[in-house]
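In: Pasting the sequence and the predicted coordinates here, then a few questions.
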Amino acid sequence: MATPELTSPRSPRVTAARRLAKRGFRGKERRFLVEGPQAVREATAHLAEVYVTPEAAERHPDLVAAARAGGARVVTATPEVVAAMSDTVTPQGVVGVCRFVDVGLADVLAARPRLVAVLAHVRDPGNAGTVLRCADAAGADAVVLTDASVDLYNAKCVRASAGSLFHLPVAVGVPAGQAVSGLRAAGLRVLAADGAGERDLDAELDGGALGAPTAWVFGNEAWGLPEETRRLADAVVRVPIHGRAESLNLATAAAVCLYASARAQRAPAGCRCVTPA
């Protein structure tokens, strides 16, 4: 087993990494942290540095090799050093320093997307990361975080994305009006998801309306979308509640909406699932 190169939790490298827990330092350095072997593996193309315990390096030689092959500096460190860099209660022995991965809205639009998730006023990092993961799973082409939403590189958001942060383009800091107007100009129908929406998701799906390129706008879980954001959309759509639950949480509602669009867009001639009378 290799002898750790970095042994002091008070070293300048550790201090520099720990500063990335703060948004201001992340923005200045344009770097953020990822923790755990799976997240670091997903981030290979964006890694600048990897800190790994000797034990973790032995367990994950493929990860170490891939990081080095991608140009990242790999440093073996004691468990105490890796723990000092970590945000989690039970560190897994691997921490990566990544370069920012976000793209501009113009880049998203230039790719002619057919399915986009827009997070407007989403402040909870766990929710934001989970919606990003749902969008990735549903095959969305991009995610847009408005300027009123949480920082994409918040540690909880990065963890909740479960690697999806590195799988699809994500634009950040875009004013809601600019995002909606840009997506609409690119040919997407803009739908706001809201429990009080005048249109029903099932009806939209059965009528074939979801087969067109669509951008879904999701709001804050506690208080939904502001009226001014609702007015920007082409329609406000509710997910029907067939049981006695008061509502769905943000990530669940986003998954239902995105998968409904994904199903419709993948049907040979649009998805028309009207039940015979």
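Out: That came in fine, so what should we check first?
In: Just read off the phi/psi values of A192.
Out: phi -90, psi 130 (degrees, to the nearest 10).
In: how close does the closest residue to E42 other than its chain neighbours get to A186?
Out: In space, E42 comes closest to G163 once its chain neighbours are excluded; the distance is 3.4 Å by C-beta to C-beta, 6 or more residues apart in numbering. For every residue, glycine as well, the C-beta is placed using N, CA and C. Distance, G163 to A186, using C-beta to C-beta, to the nearest Å: 27 Å.
In: could you list every residue that touches the residue nearest to E42?
Out: 38-39, 41-43 (C-beta atoms under 8 Å, 6 or more residues apart in numbering).
In: repeat for L47
Out: Applying C-beta under 8 Å, 6+ apart, the residues contacting L47 are 40, 67, 70-72, 96-99.
In: beta partners of it?
Out: Assessed by DSSP bridges, L47 has beta-bridge partners C98.
In: how close does it sit to V81?
Out: 18 Å.
In: ok, back up a step: and which of the contacts of G163 is nearest D107?
Out: A43 (19.4 Å; C-beta to C-beta).
In: Is it correct that the closest one is in contact with F100?
Out: No - contact criterion C-beta atoms under 8 Å: A43 and F100 do not qualify, at 11.5 Å.
In: middle-most residue in the chain, spatially?
Out: Nearest to the centroid of the C-alpha atoms of the chain, with distances taken as C-alpha atoms, centre = their mean, sits L132, at 3.1 Å.
In: In which helix or strand does that one reside?
Out: Assessed by DSSP states H and E, L132 sits inside helix 125-137.
In: And that helix, what's buried?
Out: Neighbour-count burial for helix 125-137 flags 125-136 (criterion: 16 or more other C-beta atoms under 10 Å).
In: Right, I'll call it a day here.
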